[in-house]
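# with the input below, show me the fold.
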Amino acid sequence: MFKDMNWKPVSAELLGTFLLVFFGVSAVMNQPTSTEEAPLTDSYLLLYSLKGIITLALTLFVLVHILGPVSGCHLNPVITIPVFMSGKINRDDTIAYIVAQIIGATLGFILFKELKPETGGSNIDIMIVALIGTTFFVASLLTSQDPGSIGATLFIVTVTAFGDVNPGVSLGSMLASAIDGTSVWAFYGIMGSLIGCGLGYAVKENVIDN
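Residues are numbered from 1 along each chain as shown. Model (predicted):
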């Protein structure tokens, strides 16, 4: 069992499900609630819901675009099981895909809850957020130059508070603020994006490329 397994597609399923949850599903689930202390208008809640749905759809669009050729980009046992029943993948691949999807989804939920990127967090949290965002950003842009995929990737990392994917811009902003006498320390975001750059390249070379 699993003797001749090609682990690239399995890795793609784990990574893809993690990113789908971390960026897309969390954007839908992490909606604000209206309370008496902090009332929110119906139009604001509607716009927030639309942003979450659009983010989820675009995340799936990008992942299908870059991971589809590797694993078929199932990201869901209810896709993998019918594909197995149709004879297009074998039993070992089916089991490995489903296990990878469950692990990827679990990691996505755990990390998002721990980091809470929309609220900032500690310096290490900021670094990890920038790392994950840049990894996704770099892997996507190195894999596809399709304008639709590029635009969707930029939308996702910006609207989900993962916009710190350009250390040059971050450093420039820090220096400009220092000149004005209102220095903003951006070291951890810059380090995270630089590490994410390397990881994004590694994902593209070792998981996406055949």
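# against Leu115, how distant is the nearest residue to Ser170 once chain neighbours are set aside?
Taking Cβ to Cβ, 6 or more residues apart in numbering as the measure, Ser170 lies nearest to Ala186, with 4.6 Å between them; neighbours along the chain are not counted. Yep, even glycine has a C-beta here, placed from its N, CA and C like the rest. Distance of Ala186 to Leu115, computed by Cβ to Cβ, to the nearest Å: 17 Å.
# where along this protein do the helices fall?
Secondary structure of the chain, counting by DSSP state H: helices at 7-19, 26-29, 42-71, 77-85, 91-115, 123-143, 147-159, 167-179, 187-203.
# would you point out the helix or strand in the chain whose mean pLDDT is lowest?
Within the chain, judged by mean pLDDT, DSSP states H and E, the helix or strand with the poorest mean is helix 167-179; its value is a mean of 74.
# can you give me the buried ones in that one?
Residues of helix 167-179 classed as buried under the neighbour-count rule (16 or more other Cβ atoms under 10 Å) are Pro167, Ser170, Met174.
# do the same with stretch 102-120
Gly104, Ala105, Leu107, Gly108, Phe109, Leu111, Phe112, Leu115, Pro117.
# which one of the residues you listed is nearest to Glu205?
The closest of these to Glu205 turns out to be Gly104 (Cβ to Cβ; 19.7 Å).
# next, count neighbours for the spatially closest residue to that closest one that is not a sequence neighbour.
With Cβ to Cβ, 6+ apart as the criterion, Gly104 has its nearest non-adjacent residue at 3.3 Å, and that residue is Thr17. Here the count is done by other Cβ atoms under 10 Å, and Thr17 has 27 residues near it.
# now do the one 3 residues further on
Leu20 is surrounded by 24 other residues when neighbours are defined as other Cβ under 10 Å.
# quick one: it and Val62 touch, right?
No. With contact taken as Cβ atoms under 8 Å, Leu20 and Val62 are classed as non-touching, separated by 9.7 Å.
# redo the buried residues of stretch 102-120 as TSV? Include pLDDT and distance to Thr80.
Listed next are those as TSV, based on pLDDT from 0 to 100; distance: Cβ to Cβ, whole Å:
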residue	pLDDT	distance to Thr80
Gly104	94	13
Ala105	94	13
Leu107	93	18
Gly108	91	17
Phe109	90	20
Leu111	87	23
Phe112	85	23
Leu115	79	28
Pro117	60	29
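# make CSV from these and add distance to Ser149 to it.
Shown next, in CSV, are those (distance: Cβ to Cβ, whole Å):
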residue, distance to Ser149
Gly104, 20
Ala105, 23
Leu107, 24
Gly108, 20
Phe109, 25
Leu111, 24
Phe112, 23
Leu115, 25
Pro117, 22
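# which of those sits closest to Val207?
Within these, proximity to Val207 (Cβ to Cβ) peaks at Gly104, which comes in at 12.3 Å.
# just to revisit the earlier point, got a list of what the residue nearest to Gly104 touches?
Leu75, Asn76, Ala100, Gln101, Ile103, Gly104, Ala105, Gly108 (Cβ atoms under 8 Å, 6 or more residues apart in numbering).
# let's see that with 6 Å instead.
Residues touching Thr17, when contacts are defined by Cβ atoms under 6 Å, 6 or more residues apart in numbering, comprise Leu75, Gln101, Gly104, Ala105.
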